[in-house]
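> can you look at this prediction? I've put the sequence above it.
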Amino acid sequence: MPEYGALFIHAMTGLHPGSGTALGVVDLPIQRERHTLWPVIPGSSLKGVLRDACRGTNGAQDDDQELCEVFGPLSNSADKHAGALSLTDARILAFPVRSLRGVFAWVTCPGVIERLNRDMGLGGMGGVKLPRNVNANEALCPANSPLLVGTGQVVLEEFEFKVNGDSGAIAEWIAKTVDDDTKESVKKRLLVLDNDDFTHFVRHATEVSARIGLDYKSKTAKSGALFYQEFIPPETIFYSLVIAENSRVKGGKNKGADIMGYVENKLPKVLQIGGDETIGKGICKVWIDRKGGAR
């Protein structure tokens, strides 16, 4: 039987999982799902990052037998066997948005929670129950949240939302996916919005930065060196489903639990994901959970 787990990713700095295709005025946009336009980190990118991290833990070579058993052999030996570890694309779980009070909020929506529960259910892991429907221009908000303005309102960017329920259960669940220093903040700042309101923010509240190259001697802009790059903001939370099968190596004896254990033991607490590593982008805290939102 395969072993299932969830890889949770908490961005500490701006994150650029690039799409490689210019859209409109943004020369280097982020990767998005085609049908929702929600940000996504491709599973192929994640697997490469995990492989590199596990290799670096003990200084193993690319052709290390145990490493290849888990992640697959090198391209020149790809016909021998497949890797035993599979990862889905990392999907959005909570997105940070500027708030009039309390600095910023994490927002999610029923569509995200429903998909989370479905994905967790595939591996027999626990999800979270959505307490009630959310209408447009409404929000579920934790009691006594620092985000509250007046009596029962929150203001995100330039939009006002009426608080119409408590997001306590969902906030508690998502708080389990972050480090201890962030846990209490998530419990107080997690809002559940309508699907369309959530989609507006993840489409239009990302960071777009101007990048420019300078001539070394004159310190003026090089011709054609100005471009605009999109980043997923710090504090964004993603999750990916991790599936560990029995070893596919001929004569291999490692079971799914052994494969998952290998990754868990070698996975560092911090990974660099996406582009622009040398300017501090893509620094993320990560961890694998086999139960669903519980450490």
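Done, it's in. Residues are numbered from 1 along each chain as shown.
> now do the strands in the stretch 151-295 of the chain.
153-156, 159-163, 190-193, 207-211, 227-231, 237-244, 270-272, 283-289 (DSSP state E, counting those that start in this stretch).
> who does the last one pair up with?
Sheet pairing here is set by DSSP bridges, and for strand 283-289 it gives strand 3-11 (antiparallel), strand 270-272 (antiparallel).
> what does the second one give?
Partners of strand 159-163 in the sheet, by DSSP bridges, are strand 138-140 (parallel), strand 153-156 (antiparallel).
> nearest to W106, out of those strands?
Nearest of the strands paired with strand 159-163 to W106, taken as Cβ to Cβ: strand 153-156 at 10.8 Å. Using the backbone N, CA and C atoms, a C-beta is placed for each residue, glycine as well.
> export the closest one to PDB, keeping only CA atoms.
Provided in PDB are the C-alpha atoms of strand 153-156 (Å, rounded to 0.1, in the frame of the first residue of the first chain):
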ATOM      1  CA  GLN A 153     -16.200  44.700   9.600                       C
ATOM      2  CA  VAL A 154     -12.800  44.100   8.100                       C
ATOM      3  CA  VAL A 155     -11.200  46.100   5.300                       C
ATOM      4  CA  LEU A 156      -8.800  44.400   2.900                       C
END
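> and it, how far out from the chain middle?
Strand 153-156 has its C-alpha centroid displaced from the chain centroid by 25 Å (Cα atoms, centre = their mean, to the nearest Å).
> next one: stretch 39-48
On Cα atoms, centre = their mean, the centre of stretch 39-48 falls 9 Å from that of its chain.
> report the central residue of this structure.
F238 (2.2 Å; Cα atoms, centre = their mean).
> circling back: mean neighbour count, the strands paired with strand 159-163: which tops it?
Neighbour counts (mean count of other Cβ atoms under 10 Å) averaged over each of the strands paired with strand 159-163 peak at strand 138-140, with a mean of 24.
> so the longest helix seen in the chain versus strand 283-289, what angle?
For the chain, the longest helix by residue count, based on DSSP state H, is helix 43-58. With axes from the mean of the first three to the mean of the last three Cα atoms, to 10 degrees defining the directions, helix 43-58 sits at 90 degrees from strand 283-289.
> doesn't L67 make contact with L74?
No: judged on Cβ atoms under 8 Å, L74 makes no contact with L67 at a distance of 10.0 Å.
> show me which of the two is the more surrounded one.
Taking neighbours as other Cβ atoms under 10 Å, L74 and L67 compare with L67 leading, 21 against 11.
> about what we covered before: any figure for the gap between the residue nearest to the centre of the chain and T36?
14 Å (Cβ to Cβ, to the nearest Å).
> with Y216 instead?
Per Cβ to Cβ, Y216 is found 44 Å from T36.
> the two - which one has more neighbours?
It is T36, of Y216 and T36, that has more neighbours when counted by other Cβ under 10 Å, with 18 against 7.
> what pLDDT does the closest residue to that one other than its chain neighbours get?
Counting by Cβ to Cβ, 6 or more residues apart in numbering, T199 is the residue found nearest to T36 once chain neighbours are left out, at 6.8 Å. T199 is assigned 98 on the pLDDT scale.
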